[in-house]
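> Pasted the sequence and its predicted model underneath.
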Amino acid sequence: MSNHVDRFLAAVTVMASSGHIKQRLIQAYEDNLQGIECDDLPVAARQPYADLRAMLQSVSPLNGEGAIRATVRKMSANDADQCARLMVQLLAEVIRHSDSGQKRLPLQADERSGVPPFLVKSG
């Protein structure tokens, strides 16, 4: 799951960089999100991700252009903004369902790991 967090974070980072929004949208999706399968995402993120994919692949490509580039080329700036917002929402959803950032604590304290040696009073 942390791999998906990294990929969505990379996509959102591209979206937050400089340049035309349509070019950033193409780069963010093609470089980071295109290979993700809906079934690999948390349940709550599957439909929004499917919606994003549909929004980015709705136009038939011409002259070897590719569906994503053809779709984004035909998109309004408002549609591109909506895709960018959806990427941010998906990042938040994937993070919410990821436990990669949490340190796993033992259920029981190990007796040997009590006080570190430098805290033991010598004498």
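Perfect, I can see it now.

> Which residue ranges of the protein form helices?
2-15, 21-28, 43-56, 67-74, 77-96 (DSSP state H).

> now the last one against helix 2-15, angle please.
Right, the one you point to is helix 77-96. Between the axes of helix 77-96 and helix 2-15, defined by axes from the mean of the first three to the mean of the last three Cα atoms, to 10 degrees, the angle is 150 degrees.

> The chain should start at 308 in everything you say after this.
Understood, numbering begins at 308; the last thing we discussed is helix 384-403.

> and helix 384-403, what other elements does it pack with?
Using 3 or more Cβ pairs under 8 Å, 6 or more residues apart in numbering; DSSP states H and E as the contact criterion, the neighbours of helix 384-403 among helices and strands are helix 309-322, helix 328-335, helix 350-363. Where you see a C-beta, it was placed from the backbone N, CA and C, and this is true even at glycine.

> rewinding a little: mind putting the helices of the chain in TSV, distance to Phe425 included?
Shown next, in TSV, are the helices of the chain (distance: least, Cβ to Cβ, whole Å):
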stretch	distance to Phe425
helix 309-322	33
helix 328-335	48
helix 350-363	45
helix 374-381	57
helix 384-403	36
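
> now for those, which one comes closest to Gln341?
Distances from Gln341 to each of the helices of the chain were compared using Cβ to Cβ; the shortest belongs to helix 374-381, at 7.5 Å.

> May I see the buried residues of that closest one?
Neighbour-count burial for helix 374-381, with 16 or more other Cβ atoms under 10 Å as criterion, is recorded at 375-379.

> Other residues contacting it?
In this structure, residues lying in contact with helix 374-381 by Cβ atoms under 8 Å, 6 or more residues apart in numbering are 329, 332-333, 336-337, 341, 362-369, 372, 387.

> picking up where we left off before, between the helices and strands packed on helix 384-403, which one is nearest to Leu426?
Using Cβ to Cβ as the measure, helix 309-322 is the one of the helices and strands packed on helix 384-403 that comes nearest Leu426, at 33.6 Å.

> Which other helices and strands does that closest one contact?
So helix 309-322, by 3+ Cβ pairs under 8 Å, 6+ apart, packs with helix 328-335, helix 384-403.
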